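Trainee: Curious how this folds, go ahead:
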Amino acid sequence: MDRPTGVFVTQIPPDFGQWDELHSLIMRAFAYMDGVIDPPSSAHLLTAAKLKEKAKQETGFLALQGARIVGCAFVLERPDDFYIGKLAVEPDFRGQGIGRLLMRAAEEIAVSRGKGAIELQTRIELSANHSAFARLGFGETERTAHEGYDRPTSITMRKVLP
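Mentor: Below you'll find the predicted structure:
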């Protein structure tokens, strides 16, 4: 898929100051999960200040159309791979390849740092996400339960990189 018109991906710069806007994007992007997944999304625990702190520990990526933030992802470097979290695309921009661009950025940083894989988790109830990640080359590696649950609540998916 080609790049969506006028959208590019960049790392969150050190002087980034749009944390409230980024927080709002994540909340809009994750809102469809409310009432669908149990337990509720950890996105509800985020604040602009927590995102700013997250960016000190992880590499954040922004998908921008002009000055507008239309997507984001955070990647955490681990010993053997990168973990992708808080992948979010503005709801009215879904289906345009923005998630694919953000995932490509995650893959590129992983390869540049000698990692052999990228990994993520998706909720058990979100079958459309499972399919989307499978189309991007991810395969299921395990199912886990959140604390206090006696059934699987998340699926771990991994993509081995060339």
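Trainee: List the buried residues for the longest helix belonging to the chain?
Mentor: Using DSSP state H, we find that the single longest helix of the chain is helix 98-112. Neighbour counts over helix 98-112 (16 or more other C-beta atoms under 10 Å) mark 98-103, 105-107, 109-110 as buried. From N, CA and C alone the C-beta is placed, and that goes for glycine too.
Trainee: Centre of the chain to stretch 136-145, how far?
Mentor: Between the centre of stretch 136-145 and the centre of its chain there are 15 Å (C-alpha atoms, centre = their mean, to the nearest Å).
Trainee: That one: end-to-end distance?
Mentor: Criterion C-alpha to C-alpha, to the nearest Å; first-to-last residue distance in stretch 136-145 is 24 Å.
Trainee: going forward can the numbers begin at 36, since that is how I track them
Mentor: Done: numbering now begins at 36, and the last item shifts to stretch 171-180.
Trainee: Just give the nearest non-adjacent residue to Met62, would you?
Mentor: Ala78 (6.5 Å; C-beta to C-beta, 6 or more residues apart in numbering).
Trainee: The closest residue to Gly120 other than its chain neighbours sits in which helix or strand?
Mentor: Spatial nearest neighbour of Gly120, excluding adjacent residues (C-beta to C-beta, 6+ apart): Phe109 at 5.1 Å. Using DSSP states H and E, Phe109 maps to strand 103-112.
Trainee: And the contacts of that strand?
Mentor: With contact meaning C-beta atoms under 8 Å, 6 or more residues apart in numbering, strand 103-112 is reached by 42, 44, 53, 56-57, 60-61, 64, 89-90, 92-99, 117-125, 128, 133-134, 136-138, 140-141, 144-145, 148, 150, 153.
Trainee: In contact with the closest residue to Phe168 other than its chain neighbours: list those residues for me.
Mentor: Excluding its sequence neighbours, the residue lying closest to Phe168 (C-beta to C-beta, 6+ apart) is Met192, at 5.1 Å. Applying C-beta under 8 Å, 6+ apart, we find Met192 in contact with 154-157, 165, 168-169, 173-176.
Trainee: switch to 6 Å and redo it
Mentor: Remark: with contacts taken as C-beta atoms under 6 Å, 6 or more residues apart in numbering, Met192 is in contact with 155, 168, 173, 175.
Trainee: Ala83: which of the residues you listed is nearest?
Mentor: When the contacts of Met192 are ranked by distance to Ala83 (C-beta to C-beta), Leu155 comes first, at 23.3 Å.
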